[in-house]
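In: Turn this into a structure:
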Amino acid sequence: MKKQVLIIFLLLISMKSFACSCECNWNCRFGAISDNQEFVALIKVIEYSDFLEEETYGYDGKMPYSMTVEVVKKYKGSESRKRFKVWGDNGILCRPYITEFEVGKYYLIAPSKIENDLDDEQNGDYDFFSCWNDYLKVDYDKKIAYGEYSWWRKEITLEKFEQKLEK
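Out: Predicted structure coming up:
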């Protein structure tokens, strides 16, 4: 019996790690990702919009599954909406959890566009990929973005970012 429990436990652990095990093959920091993504913007998180039905271990309350964001400044792309949804992880999608984003806070984003309707997710919504640094937290008052911008840079002013993106 103990052997069967151990085997089941090991299978469950290996399945979970497989679901979101990934490596970055080269440079997956924000500077490189934003150069290659179609849409890049400064956004503000307006609200958590959709929630997971089941309880999430280690999280009190309903876990947010999507957030509505408002574009403060579009740096590139054809996105014309002022507000849209960004979807997070439900435990198996290899995305960051929406709880990593705070309502009322600002972020530089270089998200991927969702191209197929899936449950509540709609074609044209966006998501992030856990293996990339496709968003940075922004101190809007100081106009500085913080995080893995490049191999050696952990912060960048919004002005400097805009200049680098235009090159």
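
In: Now do the same for Phe84: helix, strand or coil?
Out: Under DSSP: H, G, I helix; E, B strand; the rest coil, the three-state class of Phe84 is strand.

In: That one touches Asp125, doesn't it?
Out: Yes: applying CB atoms under 8 Å as the test, Phe84 and Asp125 come out as touching, 6.4 Å apart. For every residue, glycine as well, the C-beta is placed using N, CA and C.

In: Setting aside sequence neighbours, what's the nearest residue to the residue nearest the centre of the chain?
Out: Among the residues of the chain, Phe128 comes closest to the average C-alpha position under CA atoms, centre = their mean, at 3.5 Å. Spatially, and ignoring its direct neighbours in sequence, Phe128 is nearest to Asp134 (5.0 Å; CB to CB, 6 or more residues apart in numbering).

In: So Ala41 lies in a helix, does it not?
Out: No: secondary structure assignment (three-state DSSP) places Ala41 in strand, not in a helix.

In: Any stretches of this structure with poor pLDDT?
Out: Low-confidence segments of the chain (pLDDT under 70): 1-21, 23-25.

In: Show me the helices in it, by range?
Out: 2-19, 30-36, 158-166 (DSSP state H).

In: burial measure for Phe39, as a count.
Out: Using other CB atoms under 10 Å, Phe39 is surrounded by 19 other residues.

In: show me the contacts for the residue nearest to Phe128.
Out: Taking CB atoms under 8 Å, 6 or more residues apart in numbering, we find Asp134 in contact with Phe30, Ile33, Ser34, Gln37, Ile109, Ala110, Pro111, Ser112, Phe128.
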